[in-house]
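S.K.: structure for this input, please:
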Amino acid sequence: MLTLHNLDIRFGDKHLFRNIALRVNKGDRIGLVGVNGAGKSTLLQIMAGLQEVDDGVVKRTKYSTIAYLPQEASALVSERTIYQEAETAFAENICLQKELEDVNRELSSLDSTSPEFAVLFQRQGDLQQRLESQDVFRVDAQIKKVLLGLGFCEAELDRPSSTLSGGWLMRLMLAKLLLAKPSLLLLDEPTNHLDLDSLTWLENFLLSYEGAMVIISHDRTFLDRSTGFTWELSLGKLTAFKGNFSQYLVDREMRLQVERAAYANQEAKVRQTMRFVQRFRAKSTKAKQVQSRLKQLAKMERVELSGSEQKVFFQFPAAAPCGRQVLEVAGVEKRYEDKMVFSDVSMQLQRGDKMGVVGVNGAGKSTLMRILAGLEAADSGLVRPGHNVVISYFGQHQAQELAPDLTVLQTLGAHTGDMAVSAVRSLLGAFLFKGDDVDKKVQVLSGGEKSRLALAKMIVRPANLLILDEPTNHLDMDSQEVLQEAMAQYDGAIIIVSHNRYFVNRFINKVLELKDGRASLFEGDIDDYLYRKQHEVSEQLAVQQAAQGVDAKQKVKTRGRAVRQEQARLRQQKSRLLGPCRKSIAETEKEIEGLEIQKKELEERMADPELYKDAGAFSECSREYGAVKRRLDRQLHKWEEVLKEMEQLEAELAALSE
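M.R.: This is a model prediction of the structure:
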């Protein structure tokens, strides 16, 4: 579908890409990971054809379609409504239908035995299949399904799309890509502007998506559920791993351990050889052995240790002593003009509590966070911090609100009071601002660098209540992991808004849900919250069915349909997971069959006494027989390994289906 060869890009002394080669096959689901600044977005843009490279570096199959979602959307000047803008995703169908008509017309005028007829006949089938897969007769239903799934309200679909904010515009762009169903989806941080409900819907949608996809995301749970391969981009090199992000972490560590062991063994061998050379260099009787050892060293293919990216390191200052009750909220209400955002929000936060706030976009999460931080007034109700409580606030757009004309050092220095410059530089160093980096102006920093600087600015001031609104936006996974660990170790209270489930699940013990203007408090983490919500939906459905007088037969049908749907899903999952193994087994068996035929033919030749009369022919036949036998042994070993892997996958899938 898409291949990339010998991609090499450097800026001055820094290599962005070092002879990268990659391949995307039909149906591949790939997560592209790496620290901020590694070049992930640039690589996606090159694959999408938005950045020029040398001829022949990128090759795409003739009839494949590629769609790209950038991190940020530019302003939309279209006068079309949200619905009409989404409808443009089907414009390609018109072109496909016209092309199909042209192909049909040409076929009618060609001889069925001509080479051109075979090519056009194949194209006719491809076009018909693509049009059928687009389901052109259900366009309206498809548009509404995707828009509503991504959080749009049906009542607002006639709203001009040009009035959308950046986050909602990104959702509309994503909706258009999903509706267009390209052969290859390139998604750069698609979850940044999604709430928990929309994120869950997108995961489920992508599970049944038939095209290939390459996804950049800092949401580990999303990658785990949406991808089956992982590409790691680090220090200009691309390394491919089989499996989702969690499996990639395991495989990467195993690979590094093997690499370090091989490196240590080789270094020990080099040292041993050099000791021999130095000891016997002057002895004429050992001269040949010394030269032989030196030649061995010269020919040795040296093992190189993989480089490692720098990592952020920090921890929050110890929380100052405070009262047992950190925050009391009672009957808080907020409205903007005639629109009620939320009302009667009440809860208590105790010392050491860590609470996540969830809700769809527009539910008022950021507004509530500003009210709790004392940056915005509630229309009514009470917000009372406890005794000696000091609040530190990190806003959703905190990184964008940094003064662009100040340097990194000036930005942090303005909030450090009497802290020595050396101490300020040390703190910045922990956030990867080292050497001349501290003299960079904020306006030239990347999104990840701005987020790290905003976090450094936040922790300068000791506090015992942290209020954070989407602190992980633009942070790579390594930085998120460090921040996650710091929050888990923090002994103060935390209130946090984040759509990154894996990130918050590590440390929160309460969930506050804002829905339909009301607040509900749940004990436990995000997984507990989602389980309870799912249980509530099931109970409500059961009550509705009972109220509507659904008889037992209908219930059996419903359960049967659910079972069939689950079985179909498992069959689809089994096909997706076992497909590569089955393909590899078939290819290996074909190779084994061919090698066994060659081996048998060579054995028949070697059984002929006439062969031994020609020493050269016998030597050549014997050499070829040894090579074929070694290849056959390798293929048999590969066949056994793949078969073992497939049997293990089948066992795991069987366990899941029980």
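
S.K.: in stretch 41-49, what counts as buried?
M.R.: Residues of stretch 41-49 classed as buried by neighbour count (16 or more other C-beta atoms under 10 Å): 41, 43-48. Every C-beta, even on glycine, is put in place using the N, C-alpha and C of the backbone.

S.K.: which parts of the helix or strand hosting Leu249 are buried?
M.R.: Using DSSP states H and E, Leu249 sits within helix 245-280. The neighbour-count check on helix 245-280 (16+ other C-beta under 10 Å) flags 245, 247-249, 251-252, 273, 277 as buried.

S.K.: and if you look at stretch 234-241?
M.R.: Of the residues in stretch 234-241, those scored as buried under the neighbour-count criterion (16+ other C-beta under 10 Å) are 234, 236-238, 241.

S.K.: closest one of the buried residues of stretch 41-49 to Ser366?
M.R.: For those, the minimum distance to Ser366 (C-beta to C-beta) is 25.8 Å, reached by Ser41.

S.K.: so how far is the helix holding Leu249 from its chain's centroid?
M.R.: Here the centre of helix 245-280 is set off from its chain's centre by 31 Å, with C-alpha atoms, centre = their mean, to the nearest Å.

S.K.: by contact count, what packs against that helix?
M.R.: If contacts are counted by 3 or more C-beta pairs under 8 Å, 6 or more residues apart in numbering; DSSP states H and E, helix 245-280 sits against strand 29-33, helix 220-226, strand 229-234, strand 237-242, helix 287-299.

S.K.: on the three-state scheme, Leu466 is what?
M.R.: Look at Leu466: counting by DSSP: H, G, I helix; E, B strand; the rest coil, its state is strand.

S.K.: would you reformat the buried residues of helix 245-280 as a markdown table and include pLDDT and distance to Gln122?
M.R.: Converted to a markdown table, the buried residues of helix 245-280 look like this (pLDDT from 0 to 100; distance: C-beta to C-beta, whole Å):
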| residue | pLDDT | distance to Gln122 |
| --- | --- | --- |
| Phe245 | 90 | 38 |
| Gln247 | 91 | 37 |
| Tyr248 | 89 | 37 |
| Leu249 | 87 | 43 |
| Asp251 | 87 | 39 |
| Arg252 | 82 | 42 |
| Thr273 | 82 | 60 |
| Val277 | 78 | 65 |
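
S.K.: tell me where the stretch 301-450 of the chain has strands.
M.R.: 325-336, 339-350, 354-358, 380-385, 391-394 (DSSP state E, counting those that start in this stretch).

S.K.: the stretch 1-150 of the chain too?
M.R.: Assigned by DSSP E, counting those that start in this stretch, the strands in the stretch 1-150 of the chain fall at 2-11, 14-24, 29-33, 58-60, 66-69.

S.K.: go on, the stretch 551-658 of the chain?
M.R.: When assigned using DSSP E, counting those that start in this stretch, the stretch 551-658 of the chain turns out to have no strands.

S.K.: where does it have low pLDDT?
M.R.: Counting by pLDDT under 70, the stretch 551-658 of the chain contains low-confidence residues at 551-560, 562-563, 566-575, 577, 612, 652-658.

S.K.: quick revisit: among the strands of the stretch 301-450 of the chain, which is nearest Arg532?
M.R.: Taking C-beta to C-beta as the criterion, Arg532 comes closest to strand 354-358 out of those, the separation being 12.2 Å.

S.K.: next, the angle from that closest one to strand 325-336.
M.R.: Orientation of strand 354-358 against strand 325-336 (axes from the mean of the first three to the mean of the last three C-alpha atoms, to 10 degrees) gives an angle of 10 degrees.

S.K.: what comes into contact with strand 354-358?
M.R.: When contacts are taken as C-beta atoms under 8 Å, 6 or more residues apart in numbering, the neighbours of strand 354-358 outside the stretch itself are 195-196, 349, 365, 368-369, 487, 493-498, 504, 507-514, 525-526, 529.

S.K.: for it, which strands pair with it and how are they oriented?
M.R.: Applying DSSP bridges to the sheet, strand 354-358 is found paired with strand 493-497 (parallel), strand 510-515 (parallel).

S.K.: how is this protein divided into domains?
M.R.: 2-243, 250-299, 325-537, 554-657 (automatic domain parsing).

S.K.: and of the ones you listed, who's closest to Val543?
M.R.: Proximity to Val543, assessed across the domains of the chain by C-beta to C-beta, is greatest for domain 325-537 (10.5 Å).

S.K.: between the two ends of that closest one, how far is it?
M.R.: Between the start and the finish of domain 325-537 there is a gap of 33 Å, counting by C-alpha to C-alpha, to the nearest Å.

S.K.: now do it, average pLDDT.
M.R.: Domain 325-537 shows an average pLDDT of 86 in the prediction.

S.K.: mind checking how far that domain is from the chain centre?
M.R.: Here the centre of domain 325-537 is set off from its chain's centre by 23 Å, with C-alpha atoms, centre = their mean.
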